[in-house]
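K.L.:
Model the structure of this input:
(chains A, B, C and D)
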2 protein chains.
Amino acid sequence: MARTDSLEVAAALHRAAIRLLRAVRVADDETGISAPKLSALSVLTFGGPSSLSALAKAEQVTAATMSKLVSDLESEGLVAKRVDREDKRGVRIEVTAKGRALMEEGRKRRLALLHKRLGKFTREERALLADAAALMMRVSEG
Amino acid sequence: MARTDSLEVAAALHRAAIRLLRAVRVADDETGISAPKLSALSVLTFGGPSSLSALAKAEQVTAATMSKLVSDLESEGLVAKRVDREDKRGVRIEVTAKGRALMEEGRKRRLALLHKRLGKFTREERALLADAAALMMRVSEG
DNA sequence: GCAATATAATTAGTTTGACTAACTAAATAA
DNA sequence: TTATTTAGTTAGTCAAACTAATTATATTGC
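P.N.:
Numbers count the residues shown, from 1 in each chain, chains lettered A, B, ... in the order given. Alright, predicted model coming up:
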């Protein structure tokens, strides 16, 4: 049957992922902070303090780009920088309490939107989606 | 059980969608055409010819932004514009054979990547993912 | 031990894609 | 037929990406 053909499934999954994120993105706009900055902030929040170069690598941008993003985030009081004690060329970037609060708030809004929509589904459908999410993580890693 | 709690499912789904698209994005870079242009081209390819304003709306950008994107795509020979016969203010934008070929090639690359990865899954897992994709579309619409 | 090289971050300058505002041309309404 | 609305373009601005060059510190080789 066509439903289990890899190419069909791949296409459907790809479309679905695009739609899902597009639907959810509106919630981010309300935080008043741009997507790239929000993303960097997220990495720092959940991955802990980081050097500039490591953060740039994690976000797949150049160090120059990240330098500007971090400097903006710093101006807004969302992250703090300080010289690395062991390597004085390096900086240690970490989220401030304010940054952490903003992240949490944004995440809540985003999830609330999905949450609200998922409420209309049956328990079984939600279970299926949960299983699928786990599989999708495996797809992305392999 | 926690697995069917909407908030948990929402979080898992969100993460999974982000990862999936990130993993696939690398295939697009190889086409040598930017994401916004590729996306517009995709709409024209699968949705057929369109006016500028309709295309702008579909891509959720202003007419001014789309005007520039289309003019770039035209320079590259990927789309063709001509005055609408019935409304001479309007333009009819359509994909050229070259544009169609590029789209198809890009799409193949992207899906090949997912396809290759999905091959490692069982038939049952792929069926589950196919069902989940359908549900995700519903989540995004509702 | 010091000159050469490498690395971390920043700064300067460019490009792309987004926006708004202002404009031209064509269609529709009063 | 004059006024208004609509379709698209152009000009100017901004954010975020890039590369290249610069500064400061670390590391290596002689």
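
K.L.:
now the strands for chain A?
P.N.:
With strands called from DSSP state E, chain A shows them at A:79-83, A:91-95.

K.L.:
does any part of the first one sit near DNA strand C?
P.N.:
In other words, strand A:79-83. Yes - residues of strand A:79-83 are located near DNA strand C by Cβ under 7 Å from any atom of the strand, namely A:K81. Every residue, glycine included, has its C-beta placed from N, CA and C.

K.L.:
Do you know the pLDDT at A:L118?
P.N.:
The per-residue pLDDT reported for A:L118 equals 89.

K.L.:
Not counting sequence-adjacent ones, nearest residue to it?
P.N.:
Nearest in space to A:L118, with sequence neighbours left out and distances taken as Cβ to Cβ, 6 or more residues apart in numbering or on different chains, is B:S6 at 4.2 Å.

K.L.:
how many neighbours does that neighbour have?
P.N.:
In terms of burial, B:S6 registers 20 neighbours under the definition other Cβ atoms under 10 Å in any protein chain shown.

K.L.:
what sits against it?
P.N.:
By Cβ atoms under 8 Å, 6 or more residues apart in numbering or on different chains, the contact set of B:S6 is A:L114, A:H115, A:L118, A:G119, A:R126.

K.L.:
And A:L41, by the same measure?
P.N.:
Contacts of A:L41 by Cβ under 8 Å, 6+ apart are A:I33, A:L73, A:L78, A:V79, A:V95, A:G99, A:L102, A:M103.

K.L.:
Most widely separated two among the residues you listed?
P.N.:
The span of these, defined through Cβ to Cβ, is set by A:I33 and A:V95 at 12.7 Å.

K.L.:
Comparing the two, which shows the higher neighbour count?
P.N.:
The residue with the greater number of neighbours, taking A:I33 and A:V95 and applying other Cβ under 10 Å, is A:V95; the counts read 24 against 20.

K.L.:
got the contact list for that one?
P.N.:
Under the criterion of Cβ under 8 Å, 6+ apart, the contact partners of A:V95 comprise A:L41, A:L44, A:T45, A:L78, A:V79, A:A80, A:M103.

K.L.:
got it, and A:L21?
P.N.:
Applying Cβ under 8 Å, 6+ apart, one finds that A:L21 lies in contact with B:H14, B:A17, B:I18, B:L21.

K.L.:
and if you look at A:L135?
P.N.:
Counting by Cβ under 8 Å, 6+ apart, A:L135 makes contact with B:F121, B:E125, B:L128, B:L129, B:A132.

K.L.:
end-to-end on stretch A:44-59?
P.N.:
Using Cα to Cα, to the nearest Å, the end-to-end distance of stretch A:44-59 comes out at 11 Å.

K.L.:
separation between the residue in chain A that DNA strand D sits nearest to and chain B?
P.N.:
Proximity of chain A to DNA strand D (Cβ to the nearest atom of the strand) peaks at A:S34, 2.8 Å away. Counting by Cβ to the nearest Cβ, to the nearest Å, the gap from A:S34 to chain B is 16 Å.

K.L.:
Stretch A:62-81 and chain B in contact?
P.N.:
No - counting by Cβ under 8 Å from any Cβ of the partner chain, chain B has no neighbours in stretch A:62-81; the shortest distance is 15.0 Å.

K.L.:
contacts for that stretch?
P.N.:
Looking at what lies outside stretch A:62-81 - Cβ under 8 Å, 6+ apart - the contacts are A:33, A:36-37, A:40-41, A:44, A:52-53, A:55-56, A:59, A:61, A:91-96, A:98-99, A:102.

K.L.:
Close to DNA strand C: what parts of chain A are there?
P.N.:
Remark: the part of chain A in contact with DNA strand C comprises A:51-54, A:63-64, A:67-68, A:70-71, A:81, A:84, A:87, A:89-91, using Cβ under 7 Å from any atom of the strand.

K.L.:
Which ones among these lie within helices?
P.N.:
Secondary structure from DSSP state H places A:L52, A:S53, A:A54, A:A63, A:A64, A:S67, A:K68, A:V70, A:S71 of these in helices.

K.L.:
show me where chain A has helices.
P.N.:
In chain A, the segments counted as helices under DSSP H are A:6-29, A:35-47, A:52-58, A:63-75, A:97-118, A:123-141.

K.L.:
Just give me the residue closest to the centre of chain A.
P.N.:
For chain A, the residue lying nearest the average C-alpha position, counting by Cα atoms, centre = their mean, turns out to be A:S39 (4.9 Å).
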